[in-house]
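> sequence first, then the predicted structure:
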Amino acid sequence: MQERGFKMKEATFQYINDLADQVILEYDISIPILDIDSIVQRIGGKVEEKADLDILYDGLIRKDGAASFCIEVSPQLSPLRRTFVIAHELGRLFLHMGYRSNWVRWQEQGWAAYKRSGTSALENQATEFAAALLMPRDPFGEVIEKYTCRDCVDVVGAAKCLNVSPAAVVHRGRALGYL
């Protein structure tokens, strides 16, 4: 699995997808995700729109209390991009910050914000988590099957069904071997 020069190991890919599945089960998340802000609240966080975010990133996440967090996003984002950015930040939360999975790591977080700093293996992991959260393996496969005629996939139709962008469907379809 090659992404922007970073090769993700199959075990890492499986771990991220399994973690996203566990989050979906734990927080009773319905697919497609239509209101990601309410999911963030259910998990213990909040979403704030900040007009003064740096032009180099669309969102960030920071610890906001002993057991809470805040995701900041640009108000300039389209609804689909906004959802993906928030899902990406949730990836950072669970994968890299230790929220509800590694108490020691979570306690060591301090109050610094995590934001994108170019491309890296950690960025790709958070992006994979976002894709797995918004388009879990089994529902994604069912949607792709529904929107496939002969050898052609109606990517736009699948994207509308999953409430994601066509680019997200293509990325996920390639990662899972459908495209």
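Thanks, I have the structure now.
> can we go C-alpha only for contacts and neighbour counts from here?
Fine.
> quick one, what contacts the residue nearest the centre of the chain?
Centroid-nearest residue in the chain, with CA atoms, centre = their mean: Ala130, separated by 1.5 Å. Counting by CA atoms under 8 Å, 6 or more residues apart in numbering, Ala130 makes contact with Phe84, Val85, Ala87, His88, Glu89, Leu90, Gly91.
> next up, the contacts around the third one.
So that's Ala87. Taking CA under 8 Å, 6+ apart as the test, what Ala87 contacts is Ile36, Phe129, Ala130, Ala131, Leu133, Leu134.
> got a pLDDT number for it?
Per-residue pLDDT puts Ala87 at 98.
> quick revisit: any chance of the contacts of Ala87 in a markdown table, plus distance to Ile16, pLDDT and secondary structure?
Output for those, formatted as a markdown table (distance: CA to CA, whole Å; pLDDT from 0 to 100; DSSP: H, G, I helix; E, B strand; the rest coil):
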| residue | distance to Ile16 | pLDDT | secondary structure |
| --- | --- | --- | --- |
| Ile36 | 19 | 98 | helix |
| Phe129 | 6 | 97 | helix |
| Ala130 | 10 | 97 | helix |
| Ala131 | 10 | 97 | helix |
| Leu133 | 9 | 98 | helix |
| Leu134 | 13 | 98 | helix |
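> farthest pair within those residues?
Ile36 and Phe129 (14.3 Å; CA to CA).
> neighbour-wise, which of those two wins?
Taking neighbours as other CA atoms under 10 Å, Ile36 and Phe129 compare with Phe129 leading, 29 against 17.
> pull the contacting residues for that one.
Contacts of Phe129 by CA under 8 Å, 6+ apart are Ile16, Asn17, Ala20, Ala87, His88, Leu90, Gly91.
> which SS class is the fourth one?
Right, the one you point to is Ala87. Judged by DSSP: H, G, I helix; E, B strand; the rest coil, the three-state class of Ala87 is helix.
> about what we covered before: what is the nearest of the contacts of Ala87 to Pro79?
Nearest member of those to Pro79, counting by CA to CA, is Ile36, at 10.4 Å.
> for that closest one, what are its contacts?
Ile36 neighbours (CA under 8 Å, 6+ apart): Thr83, Ile86, Ala87.
> try 10 Å this time
Ile29, Arg42, Val47, Arg82, Thr83, Phe84, Ile86, Ala87, Leu134 (CA atoms under 10 Å, 6 or more residues apart in numbering).
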